[in-house]
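Asks: Sharing a model that was predicted from the sequence below.
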Amino acid sequence: MIVVLEPGADAGVVREIGAVARRAGLRTVPDDPVRPRRLALVGAAPDAGGVLAAQLEGRAEVQAVIRDAGSAPLTSRQFRPGPTAVTVGALSIGGGGPPVLAAGPCAVESPEQLLAVANAAARAGATLLRGGAFKPRTSPYAFQGLGPEALRLLAEARRETGLPVVTEVLAPEQVELVAEVADMLQIGARNMQNYALLAATGSAGRPVLLKRASGATLEEWLLAAEHLLASGAPGVVLCERGLRHFDPHTRNILDLAGALAVRELSHLPVIIDPSHATGRRDLVIPLTLAGLAAGLDGAIVEVHPDPDAALSDGPQSLDLEGLASLAEGIGRIGVRLASLDAPAASASAQQGWTRAG
Ligand code: PEP
Ligand code: MN
């Protein structure tokens, strides 16, 4: 249920509604921590017979009650009609602002490899550095990542380039360690429905990049985001990274239509990952341009100084020249990328609510 407040409703009203909701077994989440205009009442307790909704509708400070806010209310446009900006260090993603480019190696392999890519990423106009420290590999014999050493190298690359860092967490017990370094935590496609991991990650105080599982519906994807938000994540960015399909010529199929359609349902920013979606470096540039031209909130691409020698995902990694060509292509289609320190499109669109009750 979502309560739409009258413009003049003050903090006292929010507290009172929070208390009423609590008595009914529900928790109240405001759309904005400073000046709430909508309150989501969430929890397992059903509002039998619509008694609570009717009680709230009767209040002078309540403009309307949306009784059916769907299964993932915190992600919904009913809760936040406008697009939400997610803040990652000095970077703002979404919120109607310019799109972001995130770039970096699939896995952090060495200081030289990471710094070469990080510097090239900064030159290309990327404002978020990716790099796996803990790698989810399909084979137990494949390179599993450098782990804590990679986190140290990511921190060094951030110091050198100023780029905020996103890296994946694989297990709840890793979250604290990774969150000490990462500006943004990544949930991989394989873990989209790992609910214990979503809960631990959501409560780490960092924004989250949530990959869509290769067989997930939009609703399942949004429910995974709901888990993160319900656990307190101060922002979630959705990432479409390709669905499993039948044709071996591409690794997955980029669901650009789904990435656009999910924005009708949700206020959360949406980016694409054409590297994992295709598995082919020759397709990464055109698909990135397609996503940006379609108005999505950004793209994340894998880059390696010597892709043929990469310890993971070499065939889909751009080399440093490829990354420069991507930047050129983005300029050619007239897209201006987000820069660091750019003010959010709307301060009130900032995510990061506190719990009212
Ligand atoms: C990655 O981005 O490093 C990754 C493993 O991606 P995905 O979870 O989308 O496969
Ligand atoms: Mn990869």
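Replies: Arrived safely, thanks for sending. Ligands and ions are numbered 1, 2, ... in the order given.
Asks: Which helix or strand contains the spatially closest residue to residue 125 that is not a sequence neighbour?
Replies: The spatial neighbour of residue 125 that comes closest, neighbours along the chain excluded (C-beta to C-beta, 6 or more residues apart in numbering), is residue 337 at 4.7 Å. The way it works is simple: take the backbone N, C-alpha and C, and place the C-beta from them, glycine included. Under DSSP states H and E, no helix or strand contains residue 337.
Asks: What separation do you get for residue 337 and ligand 1?
Replies: The span separating residue 337 from ligand 1 equals 20 Å under the rule C-beta to the nearest ligand atom, to the nearest Å.
Asks: Leaving out chain neighbours, which residue sits closest to the residue in the stretch 251-357 of the chain that ligand 2 sits nearest to?
Replies: Relative to ligand 2, the nearest point of the stretch 251-357 of the chain is residue 313 (3.6 Å; C-beta to the ion). The spatial neighbour of residue 313 that comes closest, neighbours along the chain excluded (C-beta to C-beta, 6+ apart), is residue 106 at 3.8 Å.
Asks: Can you read off the backbone torsions of the one you found?
Replies: Note on residue 106: its backbone torsions stand at phi -60, psi -60 [degrees, to the nearest 10].
Asks: same deal with residue 291?
Replies: Given degrees, to the nearest 10, the pair of backbone angles that residue 291 has is phi -60, psi -40.
Asks: repeat for the one 5 residues further on
Replies: Backbone torsions of residue 296, given as degrees, to the nearest 10, read phi -70, psi 170.
Asks: In the stretch 201-350 of the chain, mark out all the helices, start to finish.
Replies: Counting by DSSP state H, counting those that start in this stretch, residue ranges of the helices within the stretch 201-350 of the chain are 218-230, 256-265, 274-278, 281-293, 320-332.
Asks: For residue 74, which residues are in contact?
Replies: Residues counted as contacts of residue 74 (C-beta atoms under 8 Å, 6 or more residues apart in numbering) are 29, 40, 42, 225-226, 229-230.
Asks: Distance of the residue lying closest to it once chain neighbours are set aside relative to residue 235?
Replies: Spatial nearest neighbour of residue 74, excluding adjacent residues (C-beta to C-beta, 6+ apart): residue 229 at 4.2 Å. Computed as C-beta to C-beta, to the nearest Å, the residue 229 to residue 235 distance reads 9 Å.
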